[in-house]
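**Q** here's my sequence, what's the structure:
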Amino acid sequence: RRDRSSRLAAEAYPNGVLLLFDRRLRHTFAAGRGLRALGLAARDVEGRTVRELFPEETWSVLEPAYRAALEGQETAFELPHGDRDHLHRVVPARDRSGAIVAGMLVAQDITDRKAREHRLKQWASRDGLTGLWNRERLAEAVDRALGERRRRDDRDHALLFVDLDGFKAVNDTLG
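**A** Below is the predicted model of the structure:
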């Protein structure tokens with residue numbers, strides 16, 4: 001009954017996946033709504049190793065994290081799956097005595113969060129009306145360009161600054 005309750009709780013995990021794996025890196029438990037988003041079911045995952053389940057670009061990152069978890073280390077990293085971004089956390093699973101008996105991967109879909117972060121960065125560096133860089137972003141770009149020129153020992157530089165008389169009134173009234 002407790003196993004059934006645990007599975008129900010794990011299967012309800014929103015936007016994520018919970019995988020348990022043994023010392024042979026074979027998955028012994030899989031649940032979470034995120035499995036369906038990846039086109040998988042628990043029966044597709046359980047009994048398969050990390051190498052059997054994932055493409056090389058994925059298992060080559062997961063396998064060292066799995067091994068580290070079995071040695072008592074926790075890791076966290078972002079990794080894409082298809083067109084979605086996921087935050088992965090791989091941790092050791094311990095019994096009541098504290099001995100490591102397995103490992104656990106928890107993956108959370110963070111695609112929407114990453115998109116919001118990107119929009120916030122855009123808003124922080126660009127004018128909302130024109131889409132042009134704001135003063136801070138322009139200063140960073142000029143500093144970077146000047147630094148690159150100095151490293152290449154180029155001596156020619158140019159900066160065009162245009163000041164429009166009366167533009168403040170237009171900006172204040174029209175945005």
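
**Q** partners of the helix or strand harbouring A93 in the sheet?
**A** A93 belongs to strand 84-94 when elements are defined using DSSP states H and E. Neighbouring strands of strand 84-94 in its sheet, by DSSP bridges, are strand 75-81 (antiparallel), strand 100-109 (antiparallel).

**Q** any idea which of those strands is most buried?
**A** Looking across those with neighbours counted as mean count of other Cβ atoms under 10 Å, the highest average goes to strand 100-109: a mean of 19. Glycine gets a C-beta too; all of them are placed from N, C-alpha and C.

**Q** how far does it sit from the chain's center?
**A** In terms of Cα atoms, centre = their mean, to the nearest Å, the centre of strand 100-109 is found 16 Å from the chain centre.

**Q** buried residues of the strand holding A93, list them for me.
**A** Using 16 or more other Cβ atoms under 10 Å as the test for burial, strand 84-94 gives R84, D85, H86, L87, H88, V90, V91, P92, A93.

**Q** A141: which of the strands paired with strand 84-94 is closest?
**A** strand 75-81 (26.8 Å; Cβ to Cβ).

**Q** now that closest one, how far from the chain's geometric center?
**A** Strand 75-81 sits 6 Å away from the centroid of its parent chain (Cα atoms, centre = their mean).
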